[in-house]
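K.L.:
here is a sequence together with a model predicted from it:
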Amino acid sequence: MIDLLTIFVLAVFVGFEVVSKVSTILHTPLMSGANAIHGVILVGAILITGSAESTLELVLGVLAVFLATVNVVGGFVVTDRMLEMFKK
């Protein structure tokens, strides 16, 4: 359990640092490339949730799956809106 918590905390810090260093102009173009990474995160959250042994692990896993899904769907919506801007 402590290993999973350590990985989670490190992922939060690394994610925050990476996103905060990207300039505002690049956020939308990078969203389409980041969707692949978010998909991998979603698969990882599903795998961890499937191997949950306690209620706390299950709740945190379901929360991770939910947040990863919101992230993937949001990324596709933003990318779609960005691509619509370039159509004539």
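P.N.:
The structure has been received and is ready for your questions.
K.L.:
helix or strand next in line after the helix or strand hosting Val19, which one?
P.N.:
Per DSSP states H and E, Val19 falls inside helix 2-20. Downstream of helix 2-20, the next assigned helix or strand under DSSP H and E is helix 27-50.
K.L.:
give me the contacts around that next one.
P.N.:
With contacts defined as C-beta atoms under 8 Å, 6 or more residues apart in numbering, helix 27-50 is touched by 4, 22, 57-58, 61-62, 64-65, 68-69, 71-72, 75-76, 78-79, 82. Where C-beta positions appear, they are placed from N, C-alpha and C, glycine not excepted.
K.L.:
how about stretch 61-80?
P.N.:
Contacts to stretch 61-80, defined as C-beta under 8 Å, 6+ apart, come from residues 28, 31-32, 34-35, 38-39, 41-42, 45-46, 48-50, 52.
K.L.:
in helices only, show me the contacts of helix 27-50.
P.N.:
Among those, the ones falling in helices (DSSP state H) are 4, 57-58, 61-62, 64-65, 68-69, 71-72, 75-76, 78-79, 82.
K.L.:
just the residues you listed now: which is nearest Leu10?
P.N.:
Nearest to Leu10 out of the ones in helices among the contacts of helix 27-50 is Leu4 (C-beta to C-beta; 10.9 Å).
K.L.:
that closest one and Leu60, how far apart?
P.N.:
Going from Leu4 to Leu60 by C-beta to C-beta, to the nearest Å gives 8 Å.
K.L.:
what sits closest to Gly61 if chain neighbours are left out?
P.N.:
Leaving aside its sequence neighbours, Gly61 sits nearest to Thr49 (C-beta to C-beta, 6 or more residues apart in numbering; 3.0 Å).
K.L.:
by mean pLDDT, point me to the weakest helix or strand of this protein.
P.N.:
In the chain, no helix or strand scores lower on mean pLDDT, DSSP states H and E than helix 27-50, which sits at a mean of 81.
K.L.:
coming back round to it: compare Leu4 and Leu60 (neighbour count), which wins?
P.N.:
Leu60 (18 against 13; other C-beta atoms under 10 Å).
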